[in-house]
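J.: Kindly return the folded structure for what I paste below:
(one chain, ligands or ions: 2)
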Amino acid sequence: MDKLAIIGGRELYGELAISGAKNSALKVMVAALLTADTLTLENVPDLADVRQLIQLLTHLGVEVEREGSTLSLTTGDISSTEAPYDIVRKMRASFNVLGPILAREGKARVSLPGGCAIGARPVDLHLKALEAMGAQIELDEGYVIATTPNGLRGAEITFPFVSVGATEHSMMAAALAVGETVLMNAAKEPEIIDLADCLIAMGARIEGAGTETIRIKGVASLHGATHQVVADRIEMGSYAMAVGAAGGELLLKNGRRALLGEADVILEQAGLTLSDEEGGLRVTKWGRPTVGTNVETAPFPGFPTDLQAQYMALMSLADGTSVICEKIFENRFMHVPELMRLGADIHIDGQCATVKGKKVLKGAPVMATDLRASMSLIVAGLAAEGQTMVSRLYHLDRGFERLDEKLQSVGALVERVKDED
Ligand SMILES: CC(=O)N[C@H]1[C@@H](OP(=O)(O)OP(=O)(O)OC[C@H]2O[C@@H](n3ccc(=O)[nH]c3=O)[C@H](O)[C@@H]2O)O[C@H](CO)[C@@H](O)[C@@H]1O
Ligand SMILES: C=C(OP(=O)(O)O)C(=O)O
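T.: Ligands and ions are numbered 1, 2, ... in the order given. Purely as a prediction, here's the structure:
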């Protein structure tokens, strides 16, 4: 298990390329199951989660070729309709193979998913949507067993609350269902638009992605296509916060402000300057104090839960107090005790954390508990005095491509070290 050693206190200057979004790449890769032709995906990040999903898709019969950041996926035949526990438990997005397998084969057996341990994370909305489209579903020994005796058919589905995964899952299943599906109270994240764009390029008939009502007119089959994965807004926001904490100026290549939703205004209130320019998003923090600013996480365009931990690291160094409320996941404050090891002053009360900004944080050994929590410790470590050693780096490797190299290239003193324990 690798660790990351960080010597804090260096400002960050230069250019850093933002990779393709993990949370989009994983879903468009799954879309390859919907066609017998080749789906070519560009700008796919090299991440542990992507490698894990390749393993699952290969198990299902997908031929996968990788050349740099381009993946070619061909699913001539689905050779297995079972997605086993050992793979699906490691990654939430892999559960979304259920709908596409069902749409093509009429039956599927898929393990209940895993992913970051940030809450209970049930899949009831996914299952209700598939049932509304005609699937018959049973749960047995930790597996979802689904069949479609009469095929999938279009349905009107109103989600009781916004779910990114359930919106994506329903969109994929509906693409091959008979008739029209209307998804109401759908998620509006950039990853939803990216998946819809990919499906449309494959011949799907989808309108309204990025709004709360998505209409999908089912087609008999989809065909091959080439699609470029959207830039990773969470990686972009994380590096913006690293600049906020450590100071400096970065051009985040391939990034753009609109991907941040309302988080752009929050970051500016906190003391950063953001500007779109040709080639990327410029982020600056020079000699200005960080301002304590309250935040509540919400579905897009609200402040992303996947940036909450990193924002808390930034607020730990603010002038003044901020209140950060986590409204999406019930257990997403595991970074708090670790940030406190660096000297942060944080008090949790239910869904909200009150952060009293400190002038300095001091380096310490800390442990990553999940993907975004790892990044919050790195943001804090880049600003802290002395050495911070972040252990359990495998969480980070799920979602941040070549983080150590990228940070080194803009002047950070970070080094990946092998853990001897
Ligand atoms: C691989 C991927 O893209 N992961 C992202 C996706 O996760 P994911 O798609 O799992 O997140 P959802 O938007 O579905 O979850 C939102 C909330 O709904 C609940 N829920 C969801 C589905 C369901 O059937 N029942 C239910 O109760 C969840 O427990 C959570 O409290 O969106 C989250 C919210 O932006 C992000 O933090 C994750 O990084
Ligand atoms: C929570 C995340 O991922 P997953 O949904 O795969 O657990 C994340 O990307 O922050």
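
J.: Give me every residue in this structure lying close to ligand 1.
T.: 23, 26, 92-93, 119, 121-126, 163-166, 305-306, 328-329 (Cβ under 6 Å from any ligand atom). All C-beta atoms are positioned from the backbone trio N, CA, C, and that covers glycine.

J.: try 5 Å
T.: Of all the residues in the chain, those in contact range of ligand 1 (Cβ under 5 Å from any ligand atom) are 23, 92-93, 121-126, 163-165, 305-306.

J.: so how far is ligand 1 from the closest residue to Leu98 other than its chain neighbours?
T.: Using Cβ to Cβ, 6 or more residues apart in numbering and skipping residues adjacent in sequence, the residue nearest Leu98 is Val110, 4.4 Å away. Val110 sits at a distance of 14 Å from ligand 1 (criterion: Cβ to the nearest ligand atom, to the nearest Å).

J.: So Val110: helix, strand or coil?
T.: Per DSSP: H, G, I helix; E, B strand; the rest coil, the local secondary structure of Val110 is strand.

J.: burial of it, as a residue count?
T.: By other Cβ atoms under 10 Å, 25 other residues sit near Val110.

J.: bridging residues for it?
T.: Ala83, Val144 (DSSP bridges).

J.: The chain should start at 298 in everything you say after this.
T.: Got it, first residue is 298 now, which makes that one Val407.

J.: residues touching it, list them.
T.: Going by Cβ atoms under 8 Å, 6 or more residues apart in numbering, Val407 touches Glu379, Ala380, Val385, Phe392, Val394, Leu395, Ile398, Tyr440, Val441, Ala443.

J.: Does Asp561 lie in a helix or a strand, and which?
T.: Per DSSP states H and E, Asp561 falls inside helix 560-566.

J.: Against which helices or strands is that helix packed?
T.: Contacts defined by 3 or more Cβ pairs under 8 Å, 6 or more residues apart in numbering; DSSP states H and E place helix 560-566 against helix 530-543, strand 570-574.

J.: if we go to 6 Å?
T.: Helices and strands touching helix 560-566, as assessed by 3 or more Cβ pairs under 6 Å, 6 or more residues apart in numbering; DSSP states H and E, are absent.

J.: Lys319: neighbour count?
T.: Neighbour tally, Lys319, other Cβ under 10 Å: 27.

J.: again with Pro446
T.: Residues near Pro446, counting by other Cβ under 10 Å, number 9.

J.: now swap in the one 10 residues further on and tell me
T.: By the other Cβ under 10 Å criterion, the neighbourhood of Phe456 contains 18 residues.

J.: ok, so of the residues of the chain next to ligand 1, who is nearest Glu402?
T.: His423 (17.6 Å; Cβ to Cβ).

J.: next one: phi and psi at the closest one?
T.: Taking degrees, to the nearest 10, you get phi -60, psi -50 for the backbone angles of His423.

J.: And it, how close does it get to ligand 2?
T.: As defined by Cβ to the nearest ligand atom, His423 lies at a distance of 13 Å from ligand 2.

J.: next one: Gly305
T.: Taken as Cβ to the nearest ligand atom, the span from Gly305 to ligand 2 is 24 Å.

J.: Give me the distance between that residue and Glu712.
T.: 13 Å (Cβ to Cβ, to the nearest Å).

J.: So which of those two has more stuff around it?
T.: Legend: neighbour count by other Cβ under 10 Å for Gly305 and Glu712, higher for Gly305 (23 against 13).

J.: Mind listing the strands whichever strand or helix holds Arg579 pairs with, and their directions?
T.: Of the helices and strands defined by DSSP H and E, Arg579 is found in strand 577-582. Applying DSSP bridges, strand 577-582 is found paired with strand 545-550 (antiparallel), strand 570-574 (antiparallel).

J.: Please enumerate residues in contact with the longest one?
T.: Around strand 545-550, the neighbours that count as contacts under Cβ atoms under 6 Å, 6 or more residues apart in numbering are 308-310, 312-315, 533, 536, 540, 576-581, 707.

J.: Off-centre distance for it?
T.: Centroid separation for strand 545-550 versus its chain: 21 Å, with Cα atoms, centre = their mean, to the nearest Å.

J.: What mean pLDDT does that strand get?
T.: Across strand 545-550, pLDDT averages out at 98.

J.: Return the set of buried residues in that strand.
T.: Of all the residues in strand 545-550, those buried under the rule 16 or more other Cβ atoms under 10 Å are Gly545, Glu546, Leu547, Leu548, Leu549.

J.: Quick check: bridge partners of the last one?
T.: Spelled out, that is Leu549. Beta bridges link Leu549 to Leu313, Leu578 when assigned by DSSP bridges.

J.: could you list every residue that touches the residue in the stretch 398-547 of the chain positioned nearest to ligand 1?
T.: Closest residue of the stretch 398-547 of the chain to ligand 1, Cβ to the nearest ligand atom: Gly462 (2.7 Å). Gly462 makes no contacts at all, as judged by Cβ under 6 Å, 6+ apart.

J.: just to revisit the earlier point, the residues of the chain next to ligand 1 in helices, which ones?
T.: Asn320, Asp421, Leu422, His423, Val461, Gly462 (DSSP state H).

J.: what's the farthest-apart pair in the residues you listed?
T.: Most distant of those, by Cβ to Cβ, are Asn320 and Asp421, 20.5 Å apart.

J.: Which of the two has more residues huddled nearby?
T.: Set Asn320 next to Asp421 and count neighbours by other Cβ under 10 Å: Asn320 wins out with 24 against 10.

J.: so that one makes contact with Ile489?
T.: No. Between Asn320 and Ile489 there is no contact under Cβ atoms under 6 Å: 10.1 Å.

J.: what ranges do the helices span in the chain?
T.: Using DSSP H, helices in the chain cover 319-328, 345-357, 382-385, 395-402, 421-429, 461-472, 487-498, 530-543, 560-566, 605-612, 633-638, 668-680, 691-694, 700-706.

J.: buried set for stretch 376-387?
T.: Those would be Thr378, Glu379, Ala380, Tyr382, Ile384, Val385, Arg386, Lys387, for stretch 376-387 by 16+ other Cβ under 10 Å.

J.: Repeat that for stretch 331-347.
T.: In stretch 331-347, residues buried by neighbour count (16+ other Cβ under 10 Å) are 331-332, 334-338, 340-342, 344-347.
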